[in-house]
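Visitor: Dropping a prediction and its sequence here:
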Amino acid sequence: MTLRLTNTLTRRIEAFEPQVPGQVGIYCCGVTVYDLCHLGHARSYIVWDVLRRYLQWRGYAVTFVQNFTDIDDKILHRAAAEGSSMEVVSERNIEAFFIDMDALNILRADRMPRATRCLDGIRALISELEAKGAAYSADGDVYFAVMKQADYGKLSGRDLSEQQEGASGRTASDEEARKQHPFDFALWKGAKPGEPSFASPWGPGRPGWHIECSAMVREELGETIDIHLGGADLIFPHHENEIAQSEAATGKPLARYWLHNGMVNVGGEKMSKSLGNFTTIRSLLESGVSPMTLRLFVLQAHYRKPLDFTTEALEAAATGWKGLAAALTLNTPAKAEADPAQLPAELAAARERFISAMDDDLNTSAALAVLFELAKPLRALANRLERGDTAATDEAASAPVTDRHALLHELAGVLGLAFTAAERDANATRGQSSAAPAGAAIEALIEQRRAAKAAKDFASADAIRAQLADQGIELIDKPGGITEWIQR
RNA sequence: GGCGGCAUGGCCAAGUGGUAAGGCAGAGGAUUGCAAAUCCUUUACCCCCAGUUCGAAUCUGGGUGCCGCCUCCA
């Protein structure tokens, strides 16, 4: 069995074989740090995190590189707007990026280069391109000449003569005037008065957007890497231009596999900053949505397809996660990773189905189905344990259960589905805030209700339930006369 | 105009030739003083038309609808 992935470059599903057996070099296009990340970023990085975890689980040594674009127009605009500096804006958003990604249980990249720290590599690359005649300078800017690259357009399947230049309505006329061809793009932008700038053979300025990735890839991973990742909206022009630059300089393929994730949509339209229809990861998490709910929501769809973000779908994912979590947290003797060779037939088959699904271009939707099936009996058992069923205690310690539990944990872990510390804390404090004044009042009412129930005065007991319900407090009776409450 | 993608039950979503995974929601039942939770059971001929085939959601052709990209973008 081999992993098969859809390669945008060839437009087909191909068996994945790294250049060096057992080792995989991955470059993932990161964020421009001018603002908080939204759900589109979350999807992209969750999906690629799963790819990385899966490769590692399958035994590959993965080197994962992800950049930060910490200089560009948007950052400068933001800095100007708030009266701070490019560095302040970048640092703040890089910090925020880590907080959000950590919360989503996305593994940190092995190396995280920043554009402003790779200037040497960038300048060197531009010089090489200039020497090879693939670049030209004009008025302090340096542009890449797309017509010099015979196969320009191979990734996005474009024929330049067929394109409507400026179809996106975003071209700057002053820049157009300096270009030899409308699709030429800036490698180096001359600084405008008052802008932060870096010295260069072409005068003070800063790197264009695309060049940083080419330079970083080469510096961190070499001339030809195994996998290059990014959102589908980066195929053109960003990735096309990366290919043009890198391959013009080295004469070698930049990446062997190009993978792209589908967009997150809202009401059928792409979620984006410019449309203003975005939800930040931060605000979603602060609204009480658990990180794992978001992960599950993302992983229930295939990574290449568009994914519509709706509250209904998110709620469905939340309930789904609750079910998986119940199985995951089953109180059973801890067991190390289950040895595949020792697994009972049913579990071995489940493991195989998981692998086949993931091997099939990361079919996480089908892989999740395996998880849910594994989880089902564990949930039932967890429920019996909670009710104080003593037989369940022995059952939970039995080999079939511990094996199943260990396998579920292992496979869920491959998808990055696990309780985060924060989530555990949230669960632990649930119904235990009696120290707070409001909590004390609630506890008092619960005690009253307990007394009423003992006296078979169910009318009073129900009145208390209703009263608390009005305040958004739900009571849950547990075995042994214990009543818990949760704030809705 | 060019390139690419998508259309499966109430919702989300797998399935790429052999008779429809999974999740959510709903319904019926069990259990519970009530409620929640839990358990059991249950709900589809796959956008339309034509074709290939013993057999198609799955292949081919033609439609229809929707989305992304065409120098901000994950």
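Guide: Nice, thanks for sending it over. Here the structure is a predicted model, which is why all the values come from computation and not from measurement. Numbers count the residues shown, from 1 in each chain, chains lettered A, B, ... in the order given.

Visitor: State the number of residues packed around whichever residue of the stretch 151-300 of chain A sits closest to RNA strand B.
Guide: Nearest residue of the stretch 151-300 of chain A to RNA strand B, counting by Cβ to the nearest atom of the strand: A:Gly231, 2.0 Å away. All C-beta spots, glycine's among them, are computed from the backbone N, C-alpha and C. Using other Cβ atoms under 10 Å, the number of residues around A:Gly231 comes to 22.

Visitor: can I assume it is in contact with A:Ala42?
Guide: No: at 11.5 Å, A:Gly231 does not count as touching A:Ala42 under the criterion of Cβ atoms under 8 Å.

Visitor: who's in contact with stretch A:377-393?
Guide: By Cβ atoms under 8 Å, 6 or more residues apart in numbering, the surrounding residues in contact with stretch A:377-393 are A:323, A:326-331, A:395-396, A:401, A:404-405, A:408, A:478-480.

Visitor: from the residues you listed, which single one is nearest A:Pro18?
Guide: Within the contacts of stretch A:377-393, the smallest distance to A:Pro18 is 29.1 Å, found for A:Leu408 (Cβ to Cβ).

Visitor: Next up, phi/psi of that closest one, please.
Guide: Per-residue torsions, A:Leu408: phi -60, psi -50 (degrees, to the nearest 10).

Visitor: ok, how many other residues are close to A:Arg108?
Guide: A:Arg108, neighbours per other Cβ under 10 Å, totals 12.

Visitor: Which strand residues bridge the residue of the stretch 151-300 of chain A closest to RNA strand B?
Guide: Beta-bridge partners for A:Gly231, by DSSP bridges, are A:Asn261.

Visitor: list the contacts for it?
Guide: A:Gly231 touches A:Cys29, A:Gly40, A:Ser44, A:His260, A:Asn261, A:Met263, counting by Cβ under 8 Å, 6+ apart.

Visitor: Go again with 10 Å.
Guide: A:Gly231 sits next to A:29, A:40-41, A:43-45, A:47-48, A:238-239, A:260-264, A:270 when contact means Cβ atoms under 10 Å, 6 or more residues apart in numbering.

Visitor: how close does it get to A:Leu417?
Guide: Distance, A:Gly231 to A:Leu417, by Cβ to Cβ, to the nearest Å: 22 Å.

Visitor: and what of A:Gln66?
Guide: With distances taken as Cβ to Cβ, A:Gln66 is found 21 Å from A:Leu417.

Visitor: Just the contacts of stretch A:377-393: which are in helices?
Guide: Using DSSP state H, the subset of the contacts of stretch A:377-393 located in helices is A:Gly323, A:Ala326, A:Ala327, A:Leu328, A:Glu395, A:Ala396, A:Val401, A:Arg404, A:His405, A:Leu408.

Visitor: Give the burial count for the fourth one, as a bare number.
Guide: Spelled out, that is A:Leu328. By other Cβ under 10 Å, the residues close to A:Leu328 number 22.

Visitor: Model confidence for it, exactly?
Guide: We have a pLDDT of 90 for A:Leu328.

Visitor: Distance of it relative to A:Leu385?
Guide: Computed as Cβ to Cβ, the A:Leu328 to A:Leu385 distance reads 14 Å.

Visitor: Quick check: what element follows the lowest-mean-pLDDT helix or strand in chain A along the chain?
Guide: Within chain A, judged by mean pLDDT, DSSP states H and E, the helix or strand with the poorest mean is helix A:421-429; its value is a mean of 51. Moving toward the C-terminus from helix A:421-429, the next helix or strand (DSSP states H and E) is helix A:437-454.

Visitor: Is RNA strand B within reach of that following helix?
Guide: Yes: using Cβ under 7 Å from any atom of the strand, helix A:437-454 reaches RNA strand B at A:Lys453.

Visitor: Pull out the buried positions in that helix.
Guide: By neighbour count on 16 or more other Cβ atoms under 10 Å, the buried set for helix A:437-454 is A:Gly439, A:Ile442, A:Glu443, A:Leu445, A:Ile446, A:Arg449, A:Arg450, A:Ala452, A:Lys453.

Visitor: just those now: which is nearest RNA strand B?
Guide: Closest to RNA strand B out of the buried residues of helix A:437-454 is A:Lys453 (5.0 Å), distances taken as Cβ to the nearest atom of the strand.

Visitor: List the residues that contact the closest one.
Guide: A:Ser460, A:Ala461, A:Asp462, A:Ile464, A:Asp477, A:Gly481, A:Thr483.

Visitor: Among those residues, name the least confidently predicted one.
Guide: Minimum pLDDT across the contacts of A:Lys453 is recorded for A:Gly481, with 75.

Visitor: which ones are touching that one?
Guide: A:Gly481 neighbours (Cβ under 10 Å, 6+ apart): A:Arg450, A:Lys453, A:Ala454.

Visitor: From A:Phe419, how far off is it?
Guide: A:Gly481 sits 29 Å away from A:Phe419, going by Cβ to Cβ.

Visitor: Dump the contacts of A:Gly481 into JSON lines; add pLDDT as well.
Guide: Formatted as JSON lines, the contacts of A:Gly481 follow (pLDDT from 0 to 100):
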{"residue": "A:Arg450", "pLDDT": "89"}
{"residue": "A:Lys453", "pLDDT": "88"}
{"residue": "A:Ala454", "pLDDT": "86"}
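
Visitor: and of those, the nearest to A:Gly205?
Guide: Comparing those against A:Gly205 with Cβ to Cβ places A:Arg450 closest, at 73.7 Å.

Visitor: Isn't the closest one up against A:Thr483?
Guide: Yes: look at A:Arg450 against A:Thr483 with Cβ atoms under 10 Å: they come within range, at 6.7 Å.

Visitor: hey, what's in contact with both of the two?
Guide: The contact lists of A:Arg450 and A:Thr483 share A:Asp477, where a contact means Cβ under 10 Å, 6+ apart.

Visitor: Can you narrow the ones in helices among the contacts of stretch A:377-393 down to the ones near RNA strand B?
Guide: Contacts with RNA strand B within the ones in helices among the contacts of stretch A:377-393, counted by Cβ under 7 Å from any atom of the strand: A:Gly323, A:Ala326.

Visitor: Buried ones among the ones in helices among the contacts of stretch A:377-393?
Guide: Buried, going by 16+ other Cβ under 10 Å: A:Ala326, A:Ala327, A:Leu328, A:Glu395, A:Ala396, A:Val401, A:Arg404, A:His405, A:Leu408, out of the ones in helices among the contacts of stretch A:377-393.

Visitor: near RNA strand B, which residues of the stretch 301-450 of chain A?
Guide: A:301-302, A:304-308, A:310, A:312-313, A:315-317, A:319-320, A:322-323, A:326, A:357, A:360, A:363, A:365-366, A:368-369, A:372-373, A:376, A:379-380, A:383.
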